[in-house]
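Engineer: turn this into a model:
(one chain, ligands or ions: 2)
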Amino acid sequence: MENIKWGELGFAYYKTAFNVRYHYANGQWSQMQVTDDEYIKMHMSAACLHYGLEIFEGLKAFRGVDGKVRLFRPDENAKRMINSANRLCLPAPTVEQFVEGCVECVKRNLDFVPPYETGASLYLRPTLLGTKTCLGVRAVDEADLIIFCAPVGPYFKGGMAAIKALIMRDQDRAAPRGTGDVKVGGNYASSIWSLEEAHRKGFSNVLYLDAATHSKVEEFGAANFFGIKNNTYVTPKSASILPSITNKSLRQIAADLGLTVEERDIPVEELATFEEAGACGTAAVISPISYIDDPEKNKRYTFSEDGKPGPISQQLYTKLRNIQYGIEPDTHGWITIVD
Ligand code: PLP
Ligand code: COI
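Structural biologist: Numbering: from 1, shown residues only. Ligands and ions are numbered 1, 2, ... in the order given. Model prediction:
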């Protein structure tokens, strides 16, 4: 086990021992390669560098209460990466290859999987890059799939402490029929300006609205939105939000707990009616929202006065973490045991 101050980790790159790579050329994927090299050598004219032909995934491995190391739903990340690859006409890995690469990456870096008590985890970042040289805009048939990892703590400072979010209409994250529903680097590039603006104003995150009408809630820059009211878990349904695996899992857990689950349009004004609200994602887990400001409409929607999660968010969080850390049984088959 590495000598790391696990409890002080934030969400940042941390050098580990190995990463896993596959190369696609001549119509097929190479065998898996394992390397300690943190760098990639590629042509200066590679498609990913110019035209954003790049996609990625994010998933976590947890050291459980029983000492076992568990990966959470890697097959779901594999399927999403395949969708993203298809959308950008990049070579897609198979589900088996993706999962095998993730398992190997964790196995080679077991010393970096944080101890159970610390509440930290090992974040995996599978990245698919279109590496073929090109100058004109076109699809490419050469790619690198690289899976690296880093031990991480909470994505938002303060962990389960409630965060503030800002609605901004000056920039949208994703167009109605754009790439919002796939995990392409360009979505994050287009969110940077508004995120920085929100940070300057003292907010942790931006809540984006639908780009066509700016009347419905979509999602945060790096997490989905959910609201709770009347024993109901409500989350937006839209073709331009990223289908979050955490959100999908929370919908199942909410149903298991006897809540009603609704995936539907959420008009901005409906925010006023939620008893609790949260951001959910692999990195964010569940970050409760203290308030959302909508300065153009001169509105503040408050969900947590004391900075603490509401009771249902807390219940959902505990149940999810308990499955991930092996405290409760994995009744839905979400866990892949690595070691
Ligand atoms: N939405 C966006 C834009 C994200 O970047 C993420 C992170 O992956 C999520 C939602 C949450 O997805 P997941 O729960 O699969 O990590
Ligand atoms: C994740 O939650 O895995 C993400 O990819 C968010 C990320 C942009 C930090």
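Engineer: now whichever residue of the stretch 101-250 of the chain sits closest to ligand 2: phi and psi?
Structural biologist: Taking Cβ to the nearest ligand atom, ligand 2 has its nearest neighbour within the stretch 101-250 of the chain at Ala222, 3.8 Å off. Any C-beta I mention is one placed from the backbone N, CA and C, and that applies to glycine too. With angles defined as degrees, to the nearest 10, Ala222 sits at phi -140, psi 30.
Engineer: now swap in Arg264 and tell me
Structural biologist: Main-chain torsions, Arg264, degrees, to the nearest 10: phi -170, psi 180.
Engineer: same check, this time on Glu96
Structural biologist: Dihedral angles for Glu96 - degrees, to the nearest 10 - are phi -60, psi -40.
Engineer: list the residues that contact it.
Structural biologist: Shown in contact with Glu96 (Cβ atoms under 8 Å, 6 or more residues apart in numbering): no residues.
Engineer: now it: how far from Val69?
Structural biologist: Distance, Glu96 to Val69, by Cβ to Cβ, to the nearest Å: 20 Å.
Engineer: again, but for Asp141
Structural biologist: Distance from Asp141 to Val69, counting by Cβ to Cβ: 36 Å.
Engineer: of these two, who's got more company?
Structural biologist: Val69 (19 against 13; other Cβ atoms under 10 Å).
Engineer: hang on, that one packs against Leu110?
Structural biologist: Yes. Val69 is within contact range of Leu110, at 6.7 Å (criterion: Cβ atoms under 8 Å).
Engineer: what do those two both touch?
Structural biologist: Both Val69 and Leu110 are contacted by Asp339, under the criterion Cβ under 8 Å, 6+ apart.
Engineer: quick one: neighbours of Cys134, just the number.
Structural biologist: Cys134 has 18 neighbours, counted by other Cβ under 10 Å.
Engineer: out of everything not next to it in sequence, what's closest to it?
Structural biologist: Counting by Cβ to Cβ, 6 or more residues apart in numbering, Ala47 is the residue found nearest to Cys134 once chain neighbours are left out, at 5.0 Å.
Engineer: show me what contacts the one residue in the stretch 1-150 of the chain that gets nearest to ligand 1?
Structural biologist: Nearest to ligand 1 in the stretch 1-150 of the chain, going by Cβ to the nearest ligand atom, is Gly58, at a distance of 4.8 Å. For Gly58, the contacting residues are Asn77, Tyr123, Leu124, Arg125, Gly281, Thr282, Ala283, by Cβ under 8 Å, 6+ apart.
Engineer: tell me the least confident of the residues you listed?
Structural biologist: Among the contacts of Gly58, Ala283 has the lowest pLDDT, at 90.
Engineer: any idea what Val69 is bridged to?
Structural biologist: Residues in a beta bridge with Val69, per DSSP bridges, are Arg63.
Engineer: whoops, Arg300 was the one
Structural biologist: Asp293.
Engineer: quick one: it and Ile292 touch, right?
Structural biologist: Yes. Counting by Cβ under 8 Å, Ile292 is a contact partner of Arg300 at 7.4 Å.
Engineer: so the closest residue to Asp170 other than its chain neighbours versus ligand 1, what's the distance?
Structural biologist: Nearest in space to Asp170, with sequence neighbours left out and distances taken as Cβ to Cβ, 6+ apart, is Ser194 at 6.8 Å. Ser194 is 13 Å from ligand 1, where distance means Cβ to the nearest ligand atom, to the nearest Å.
Engineer: quickly find the element holding Ser194.
Structural biologist: Using DSSP states H and E, Ser194 sits within helix 192-200.
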